[in-house]
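here's my sequence, what's the structure:
(chains A and B, ligands or ions: 1)
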Amino acid sequence: MSWLESLTLTSPSGFWNPLLWLAFLIIFAVIGYIIYSRGNRSYKPGTEQVKPFISGNAVDDVELIRVRASDIYWGLIEAMKGYYAVLMRMHTGDVRDYILWYLGVGAIILFILVGGV
Amino acid sequence: MGKLTNFKRSIWVFHASGGSCNACDIEIVAVLTPRYDVERFGIKLVGSPRHADVLLVTGAIPRDFADKLRRVYEQMPDPKAVVVVGNCGTSGGVFYDSYNIAGPIDEIIPVDVYVPGCPPRPEAIIDGVVKAWLKIEKLEKELEGKKE
Ligand code: SF4
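Have a look, this model is predicted:
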């Protein structure tokens, strides 16, 4: 077995060779560089020219215009405010609280399973 | 008029309207309708200054709009040209010296072509864009000269 074959992984549906993969990466990098080098050289990095166009308004902080994951659930949380308000108060983010809850609920379940007093 | 020689693309135009009475804007729309149909010459209105070669500005530019206009101008790629359409943007027009006006436009951004009129005729607007085209050709040559 040659060293090239020893690097090749064959399977019933094809083969995989890291050197071939590297060669493809280099080819794509060269193609990418050719496309990049044909771009407009007159643009000025770091100026308004490279910023997104929001009808002429300034975009100072991307945080202000980003849709967060919590925004997606806003309607649901608003509709079930009573329920979530309690849950969110309990959700302290402190892992010791959660372990306490875990032990407490575990103890109650065990108590029920063994038949109580 | 000079000959169009070097600019290798069609010309794309972004229209910024700041405090105009809408009559100038309607004349710009007329330029696009079948009677004049400038798209057959490759003159096309685009939705973002990032794609535009020419900035077409109408209106006397209220103070609140001045920084937005400046930003729109800065967002355009080089080479670029600015065409002011109408008396409002050219001199202030009927709003001349008004307390809430930041214009005329050449006090906010550099202007290459003025198309006077209240409002100007579509033919005048087309002529203005073609003049801007010549200017862009000149700038393009300068940029290419810098590259070499
Ligand atoms: S120049 Fe005349 S037509 Fe144009 S926006 Fe001003 S007032 Fe209206």
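
and A:Val67, which of the three is it?
Recorded secondary structure, A:Val67: coil (DSSP: H, G, I helix; E, B strand; the rest coil).

burial count for it?
In terms of burial, A:Val67 registers 7 neighbours under the definition other CB atoms under 10 Å in any protein chain shown. Every C-beta, even on glycine, is put in place using the N, C-alpha and C of the backbone.

contact partners for the closest residue to B:Glu140 other than its chain neighbours?
Spatial nearest neighbour of B:Glu140, chain neighbours left out: B:Pro79 (5.1 Å); criterion: CB to CB, 6 or more residues apart in numbering or on different chains. With contact taken as CB atoms under 8 Å, 6 or more residues apart in numbering or on different chains, B:Pro79 is in contact with A:Ser42, B:Asp53, B:Ile136, B:Leu139, B:Glu140, B:Glu142, B:Leu143.

one more time with 10 Å, if that's ok
A:42, B:7, B:53, B:135-144 (CB atoms under 10 Å, 6 or more residues apart in numbering or on different chains).

now do the end-to-end distance for stretch A:2-13.
According to CA to CA, to the nearest Å, stretch A:2-13 extends 22 Å from its N-terminal end residue to its C-terminal end residue.

and it, what's its mean pLDDT?
Along stretch A:2-13, the predicted confidence averages to a pLDDT of 85.

returning to that earlier point: using the three-state scheme, assign the residue nearest to B:Glu140.
Criterion first, three-state DSSP; result for B:Pro79: coil.

and for B:Arg35?
Going by three-state DSSP, the secondary structure assigned to B:Arg35 is coil.

do you know how far it is from A:Thr92?
B:Arg35 sits 70 Å away from A:Thr92, going by CB to CB, to the nearest Å.

tell me which parts of chain B are close to chain A?
Counting by CB under 10 Å from any CB of the partner chain, the positions of chain B adjacent to chain A are B:14, B:16, B:18, B:47-51, B:65, B:67-80, B:139-140, B:143-144, B:146-147.

which of those residues fall in strands?
Among the residues of chain B next to chain A, DSSP state E puts B:Phe14, B:Ala16 in strands.

among the residues of chain B next to chain A, name the buried ones.
Members of the residues of chain B next to chain A that pass the buried threshold by neighbour count (16 or more other CB atoms under 10 Å in any protein chain shown) are listed as B:14, B:16, B:18, B:49-50, B:65, B:68-69, B:71-76, B:78-80, B:139-140.

which non-adjacent residue is nearest residue 19?
Picking chain A for this. In space, and not counting its chain neighbours, A:Leu19 is closest to A:Leu7: 6.3 Å by CB to CB, 6+ apart.

oops, chain B please
Of all residues apart from its sequence neighbours, B:Gly59 sits closest to B:Gly19 (CB to CB, 6+ apart), at 4.1 Å.

what distance do you get for the one you found to the ligand?
5 Å (CB to the nearest ligand atom, to the nearest Å).

my read: that residue touches B:Ile108, true?
No: contact status for B:Gly59 versus B:Ile108: not in contact, 11.5 Å apart, counting by CB atoms under 10 Å.

need the three-state assignment for the closest residue to chain B within chain A.
Of chain A, the residue with the smallest distance to chain B, taken as CB to the nearest CB, is A:Gly56 at 3.2 Å. Put simply, A:Gly56 is coil when judged by three-state DSSP.

and it, how far from A:Leu9?
55 Å.
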